[in-house]
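A.B. asks: please find the sequence and the predicted model below.
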Amino acid sequence: MSVTVQEVEKIWREADCIWTEQQIERSIDAISQKIEEDMADKNPLVLVVMKGGMMFGARLAMRMRFPLEIDYIHVTRYGMETSGSELNWKVLPQHGLEGRHILLVDDILDEGQTLYKIIESCRAQNVESVRCAVLVDKIHDRKYMPDFKADYTCLEVPDRYVFGYGMDYKGYLRNADGIYAVKGM
């Protein structure tokens, strides 16, 4: 689906700010402390889900004051679309996962299918443990697995199309310094 710069500018201009940069940063501070309590002695591998988890992953990792390694995967259901389809594994982790404590970092827990399947993949590689941290959890009743929750969630967002802080609108607006909801979506 093609999009013009003018459309993107209009989307951003008309969007509702759900969370400000300051609110987001405070929430990242809070969960980084919880992660440190749980994982500081485990030599974790922080596995960031690209592209959406990139900004949150960087902000989170810089707050964790203990030894860790960072890697990434690129798995998508969306591509440049606004709704998902089948999982597409673009990049696998470079580090071996067997026997490791994994912290998956992603931007959003929407329906949860992508994150759930990534966790299953990690477990199939005989990890010691796998936990996940998400910037936002979208509140609705369409979860892939009704009881599935992230171990660490910074913020909740309404059931609207959101962008910013790593989340995109048709490939754009990941760089927005807050979390915004598209007007009417």
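C.D. replies: Nice, I can see it. Note that the coordinates shown come from a computational prediction; the quantities given were computed from them, not determined experimentally.
A.B. asks: now residue 92: how far from residue 125?
C.D. replies: Residue 92 sits 10 Å away from residue 125, going by C-beta to C-beta, to the nearest Å. (Glycine included, C-beta is placed from N, CA and C.)
A.B. asks: ugh, wrong one, I meant residue 58
C.D. replies: For residue 58, the distance to residue 125 - C-beta to C-beta - is 25 Å.
A.B. asks: repeat that for residue 170.
C.D. replies: 33 Å.
A.B. asks: can you check residue 177 too?
C.D. replies: Using C-beta to C-beta, one gets 36 Å for the distance from residue 177 to residue 125.
A.B. asks: do the same with residue 148
C.D. replies: 20 Å.
A.B. asks: pretty sure residue 24 sits in a helix.
C.D. replies: Yes. Judged by DSSP: H, G, I helix; E, B strand; the rest coil, residue 24 forms part of a helix.
A.B. asks: residue 174 is in contact with residue 167, correct?
C.D. replies: Yes. Using C-beta atoms under 8 Å, residue 167 makes contact with residue 174 at a distance of 6.7 Å.
A.B. asks: more neighbours: which of these two?
C.D. replies: Under the neighbour definition other C-beta atoms under 10 Å, residue 167 and residue 174 were set side by side, and residue 167 has more, 25 against 17.
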